[in-house]
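Engineer: Task: produce atomic coordinates for the following.
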Amino acid sequence: MAVGTTKGSIKIFDITNRNFIRLIHYKKISKKEKPITEVRFSPNGELIAVGTGGKKILFVYGRPENNFKVLGKLPFQLPVSSVVWSASDKMPNGKLGILAVAKQGLLFAAPAPSTTESYHNKVLDYDICPMYCRRIDFDLEKVAVVDSTGEVFLTGQDKYLKKYKIPDELIAKTNPGVKAPPSPIEELNGHPLPANVCFTSYNSAYLVSGAKDGSIFVREIANPTKHTHFKAHNFKSGGVSSLEMGREISIIYSGGYEGSLFSWLTDEDVEIPERENQMKIDDVAVEEMEELEDNFDEDIMYYERVIEEEEYQAQEDERDKVKSELKDQLEEIRDKLRELLLSNDYADELERLERGDFCIDIELRDKIQREGNE
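Structural biologist: Numbers count the residues shown, from 1 in each chain. Prediction:
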């Protein structure tokens, strides 16, 4: 399992034994400590695609025998917001590669570099990884692909889910231009707020997405208009941060920015099988491991309150900004009202209005009058 950090590093964990998870490698990826935004293992496990939201994607060896070294860097013309692997035969040259969404409405496709070549962390030019491109709507940010059909689903700030084809035109022949991009093949309603994450299940049966409002949508690929949705995480903290689905059974794992992690069983009739540990370890070592106690509900509620208080304090500057803007708007309204009153004082007698006609809050005026009469 690969994990990206906010300090520009990746951590590799050995999770073959669920009772004994080990950190086996730690690597600094970004010298400027940019947060890691994308960490994707290739389907064959040989490479890891790593992104920081900048203009390049790093390919890291995914095998311990290669010590998880950086194989090479794939440059892009614009910052990349989302990356996904695809083994679809619709990919350029029918090879395993990546799809990447870049700013200003561009979808890129590129074959993966050969793991048998020694690139020594060099820049991978178009001779090594030829780049293909397709123009898409400008505000799309998250990408998912159905390998069996080659369908590409994208979503972004406008909250719609849009379907495109895998790029099949070399970047040199693509002209972004100033005209609007071609219309998507299909457009579907999405989350109430923009999505943070989107992916397809391993069996290409479901399209799963999680949004800033904390909701999760599960769609059937065969009929994407049909979907199930449920509330999973706190929207005040930013909603859903990560999603994954099991390979063998339909369990959805979701993480939230509030710090919680949940698993959701999509089919109540599915039985979760018992799995033997794939990694053999010494029984004595297991017995000597310290047993961790579960947190009681009261402890969990306490930590939730702490997280909410920290979030509230972090947004203090934004609240002060909103208050200042509202105060300025009220001052502007007050000045306009004074101008109207002054203009009314100098108006002709027939055009002049009563002072009470300028009352903005009629309910408050009536309340004051009632209290005065009492």
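Engineer: Let me see the domain layout of this protein.
Structural biologist: With automatic domain parsing as the criterion, the domains of the chain are listed as 2-288, 316-373.
Engineer: Mean neighbour count, those: which tops it?
Structural biologist: domain 2-288 (a mean of 17; mean count of other Cβ atoms under 10 Å). Bear in mind the C-beta positions are built from the backbone N, C-alpha and C, glycine included.
Engineer: As a check, name the ranges of all helices in this structure.
Structural biologist: 283-288, 297-314, 316-345, 362-373 (DSSP state H).
Engineer: Compare those helices and say which comes out lowest on pLDDT.
Structural biologist: The stretch with the lowest average pLDDT out of those is helix 283-288, scoring a mean of 37.
Engineer: For Phe235, which residues are in contact?
Structural biologist: Contacts for Phe235 (Cβ atoms under 8 Å, 6 or more residues apart in numbering) come out as 193, 212-214.
Engineer: and it, how far is that from Asn66?
Structural biologist: Applying Cβ to Cβ, to the nearest Å, the value for Phe235 to Asn66 is 42 Å.
Engineer: What of Glu351?
Structural biologist: Distance, Glu351 to Asn66, by Cβ to Cβ: 87 Å.
Engineer: centroid residue for the protein?
Structural biologist: Nearest to the geometric centre of the chain sits Asn196, at 2.4 Å (Cα atoms, centre = their mean).
Engineer: Just give the closest residue to Met131, not the sequence neighbours.
Structural biologist: Once flanking residues are discounted, Met131 sits nearest to Ile171: 4.4 Å by Cβ to Cβ, 6 or more residues apart in numbering.
Engineer: Is the one you found in contact with Tyr132, as I believe?
Structural biologist: Yes - using Cβ atoms under 8 Å, Ile171 is in contact with Tyr132, at 6.6 Å.
Engineer: Find residues that contact each of those two.
Structural biologist: Each of Phe108 lies in contact with both Ile171 and Tyr132 under the rule Cβ under 8 Å, 6+ apart.
Engineer: Return the set of residues that bridge with Cys198.
Structural biologist: Ser209 (DSSP bridges).
Engineer: give the contact list for it.
Structural biologist: Going by Cβ under 8 Å, 6+ apart, Cys198 touches 142-144, 153-155, 207-210.
Engineer: any idea how far Tyr253 is from it?
Structural biologist: Cys198 is 15 Å from Tyr253, where distance means Cβ to Cβ.
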